[in-house]
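Undergrad: A predicted structure for the sequence below; I have some questions about it.
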Amino acid sequence: MRQFDEPRTQRSRRRRPDGLAEANRALRESEEKYRSLVEHTPDIMMVTDTDGAILFMNRAVPGFTVDEAVGRKVFDYIRPEHHSAVRDCIARVLRTGQPDQYEIVGRGPHGADACYSTRVAPLQQVGKVVGLTMIARDITDQKRAEDALRRSEEEYRAVVEGASQIIARIDRNGVFLFMNQVAARTFGVSANDLIGKTLWDLLPKRAADRQMADIAQVFETGQPLSWQRRSILQGQERWFESTLQPLNGDDGRVRSVLAIASEITERIEAHEKLEQLSQSIIRSQEDLLTHVSRELHDELGQLIMGIDLELETIRKQLAGGKETAGDGIRRAREIVRAATESLRSLCSNLRSPNVDEVGLTSAIESLIRDLRRRTDIDIRCAFSLGSRRIGSNMALALFRIAQEALTNVVRHAEAKQVEVRLLEESGHVILEISDDGRGFDPDPKQVGPGHGLRSIRERTALLGGRLDIESKPGQGARIWVSAPWMPGR
């Protein structure tokens with residue numbers, strides 16, 4: 001047995017040196033790989049004691065070689081203004097035994113300032129912290145990119161918040177990811193409160209469903225969508241002009257939708273008023289033609305017919321040798337004179353007066369003198385406009401209102417007295433015409449489609465003014481117009 005065992009022991013002893021050599025070779029290769037990794041990494045790697053004295057450094061730092069750095073403290077190549085932050089970080093690592101990090105600005109590899117992020121970790125032996133490992137990475141380019149991104153975001157936010165439009169970003173589920181202050185004010189809440197809210201939280205269900213269908217279409221097609229639409233917000237009917245713009249991710253797919261909306265309620269209302277005004281003007285023109293036709297028929301038609309009858313009577317009298325033909329000729333001449341006066345008055349009323357030259361007061365005074373000459377009505381007037389001139393359009397409109405009101409008095413009121421007042425009051429021009437006639441019901445439904453009162457209403461509206469009509473049957477009438485002063489040139 002000994003003879004048998006001896007060779008086996010010898011063989012075992014012969015194998016041990018070979019195994020040890022293999023282990024040493026593996027260790028050397030591992031150390032070489034580690035050393036290569038440490039020496040060629042772009043990061044600065046250090047080992048220090050607990051006081052921050054450098055025991056090892058993988059490469060030189062600006063201003064110090066590796067040999068010069070070893071033995072110094074890390075504070076020797078850190079600017080004084082950062083010493084406090086670095087000491088605090090080291091103290092936390094030593095106290096907690098947990099890694100920590102700090103960021104400082106120092107001298108870069110090319111002499112310019114560079115930003116470094118340093119991770120500090122405890123170096124432990126037998127559960128005790130005996131030193132520190134520090135890995136400093138140059139994050140200058142990262143910081144520049146972050147600063148550029150921050151400036152870009154600040155500029156973007158300034159543009160978005162300074163815009164007068166509603167701007168919001170919405171995901172495919174109708175959730176608000178962002179909303180500017182204009183949008184927040186429109187919905188009556190704060191911008192922060194809106195983040196995470198859905199369309200259904202802010203809009204009636206029917207409106208939210210319709211908006212969501214539009215958003216889904218943008219996600220599906222990747223194409224923008226625009227519309228004009230009426231919405232109910234905070235209990236009010238409002239019009240908006242909106243655009244949905246797709247926002248794509250890096251993969252080219254739509255990630256969210258940018259909604260931009262402008263309130264156009266005033267524009268829509270102004271357009272509707274303009275259409276109504278245009279229709280009113282056309283209707284007034286037609287009414288004027290009808291009015292002129294009726295005047296010609298009722299006034300001049302009857303007078304001319306009377307002339308024809310008188311002339312026929314004269315012809316028969318002359319044929320019979322009667323001497324009364326002279327009376328017929330005299331009556332015919334009176335009818336002709338009446339027809340001439342009626343025609344002159346009608347033409348005068350239709351012709352635009354030169355109010356811009358003579359002034360509103362003089363034009364109304366001339367109108368009153370003419371009515372006094374043709375009627376027995378006692379017309380009194382009181383004017384106090386001062387020396388300022390009124391714009392020609394305003395003056396003409398007020399003259400026409402006075403003309404229509406006085407014409408209605410002459411034809412329908414059976415009045416004995418009329419008072420006309422024209423004055424300035426608190427930046428407004430006031431025109432008031434009152435009479436003691438038989439009066440009427442001022443309700444437009446009761447008055448009917450009369451040309452005069454409707455013309456007064458429309459001209460007052462064009463001036464941006466206010467019209468009050470006070471009257472009762474048997475108690476006269478009062479027409480009061482107030483319009484903001486429009487100065488002349």
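TA: Arrived safely. This structure is a prediction, so every number in the text was calculated from the model and none was measured. Residues are numbered from 1 along each chain as shown.

Undergrad: make it CA atoms for all contacts and neighbour counts henceforth
TA: Will do.

Undergrad: can you pull out the strands in the stretch 1-150 of the chain?
TA: Assigned by DSSP state E, counting those that start in this stretch, the strands in the stretch 1-150 of the chain fall at 44-49, 54-57, 100-107, 113-125, 128-138.

Undergrad: What of the stretch 251-400 of the chain?
TA: Going by DSSP E, counting those that start in this stretch, the stretch 251-400 of the chain shows strands at 254-263, 378-384.

Undergrad: elements contacting the longest one?
TA: I take that to be strand 254-263. Here strand 254-263 touches strand 166-170, helix 205-221, strand 236-248, going by 3 or more C-alpha pairs under 8 Å, 6 or more residues apart in numbering; DSSP states H and E.

Undergrad: Among these, which comes closest to Ala191?
TA: Nearest to Ala191 among the helices and strands packed on strand 254-263 is strand 166-170; the distance by C-alpha to C-alpha comes to 10.0 Å.

Undergrad: Stretch 67-75: which residues count as buried?
TA: Ala69, Val70, Lys73, Val74, Phe75 (16 or more other C-alpha atoms under 10 Å).

Undergrad: so which two of the residues you listed are the farthest from each other?
TA: Greatest spatial distance in the buried residues of stretch 67-75: Val70 and Phe75, 12.5 Å, computed using C-alpha to C-alpha.

Undergrad: and for these two, which residues touch both?
TA: Shared contacts of Val70 and Phe75 (C-alpha atoms under 8 Å, 6 or more residues apart in numbering): none.

Undergrad: And the residue nearest to Asp436 when sequence neighbours are not counted, what's its pLDDT?
TA: Among residues not flanking Asp436 along the chain, Gly476 sits closest, at 4.2 Å (C-alpha to C-alpha, 6 or more residues apart in numbering). As predicted, Gly476 sits at a pLDDT of 93.

Undergrad: how about the helices of the stretch 51-200 of the chain, start to end?
TA: 66-69, 83-96, 140-162, 181-187, 191-194, 199-202 (DSSP state H, counting those that start in this stretch).

Undergrad: So which of these is nearest Val175?
TA: Nearest to Val175, of all the helices of the stretch 51-200 of the chain, is helix 199-202, at 6.7 Å by C-alpha to C-alpha.

Undergrad: tell me which residues in that closest one are buried?
TA: Leu199, Trp200, Leu202.

Undergrad: For the strands of the stretch 251-400 of the chain, give me CSV that also has mean neighbour count and mean pLDDT.
TA: Shown next, in CSV, are the strands of the stretch 251-400 of the chain (neighbours: other C-alpha atoms under 10 Å; pLDDT from 0 to 100):
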stretch, mean neighbour count, mean pLDDT
strand 254-263, 20, 86
strand 378-384, 14, 93
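
Undergrad: Quick check: which of these is nearest to Ala213?
TA: Using C-alpha to C-alpha as the measure, strand 254-263 is the one of these that comes nearest Ala213, at 12.5 Å.

Undergrad: Now do that closest one and helix 205-221, the angle between them.
TA: Strand 254-263 runs at 130 degrees relative to helix 205-221, counting by axes from the mean of the first three to the mean of the last three C-alpha atoms, to 10 degrees.

Undergrad: who touches strand 254-263?
TA: With contacts defined as C-alpha under 8 Å, 6+ apart, strand 254-263 is touched by 164-172, 215, 218-219, 222, 238-249.

Undergrad: and that strand with strand 166-170, angle?
TA: Using the same axes, to 10 degrees: strand 254-263 against strand 166-170 is 160 degrees.

Undergrad: would JSON lines of the buried residues of helix 199-202 with pLDDT and distance to Leu309 be doable?
TA: Listed next are those as JSON lines, based on pLDDT from 0 to 100; distance: C-alpha to C-alpha, whole Å:
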{"residue": "Leu199", "pLDDT": "85", "distance to Leu309": "82"}
{"residue": "Trp200", "pLDDT": "89", "distance to Leu309": "82"}
{"residue": "Leu202", "pLDDT": "80", "distance to Leu309": "80"}
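
Undergrad: Out of the residues you listed, which is nearest to Pro442?
TA: Nearest to Pro442 out of the buried residues of helix 199-202 is Leu202 (C-alpha to C-alpha; 45.6 Å).

Undergrad: Which residue, other than its chain neighbours, is closest to that closest one?
TA: Nearest to Leu202 is Phe187, by C-alpha to C-alpha, 6+ apart, at 7.1 Å.

Undergrad: Number of residues surrounding the one you found?
TA: The number of residues packed near Phe187 is 15, by other C-alpha atoms under 10 Å.

Undergrad: per-residue confidence at it?
TA: Predicted confidence (pLDDT) for Phe187: 75.

Undergrad: between the buried residues of stretch 67-75, which is closest to Arg466?
TA: Phe75 (82.8 Å).

Undergrad: Just give the nearest non-adjacent residue to the closest one, would you?
TA: Phe75 sits nearest to His83 (C-alpha to C-alpha, 6+ apart), 6.5 Å away.

Undergrad: swap in Val129?
TA: Closest residue to Val129 apart from its sequence neighbours, by C-alpha to C-alpha, 6+ apart: Leu123 at 5.6 Å.

Undergrad: how close does Phe408 sit to Ala415?
TA: Quick fix: residue 408 reads Asn, not Phe. With distances taken as C-alpha to C-alpha, to the nearest Å, Asn408 is found 10 Å from Ala415.

Undergrad: typo on my end, Leu277
TA: 33 Å.

Undergrad: How about Thr96?
TA: Distance, Thr96 to Ala415, by C-alpha to C-alpha: 106 Å.

Undergrad: Among those two, which residue is more densely surrounded?
TA: Counting neighbours by other C-alpha under 10 Å for Thr96 and for Ala415 shows that Ala415 has the greater number, 21 against 10.

Undergrad: and Gln124, what does it touch?
TA: Residues in contact with Gln124 (C-alpha under 8 Å, 6+ apart) are Val130, Gly131.

Undergrad: Repeat the analysis, applying 6 Å as the threshold.
TA: When the contact criterion is C-alpha atoms under 6 Å, 6 or more residues apart in numbering, the partners of Gln124 are Val130.
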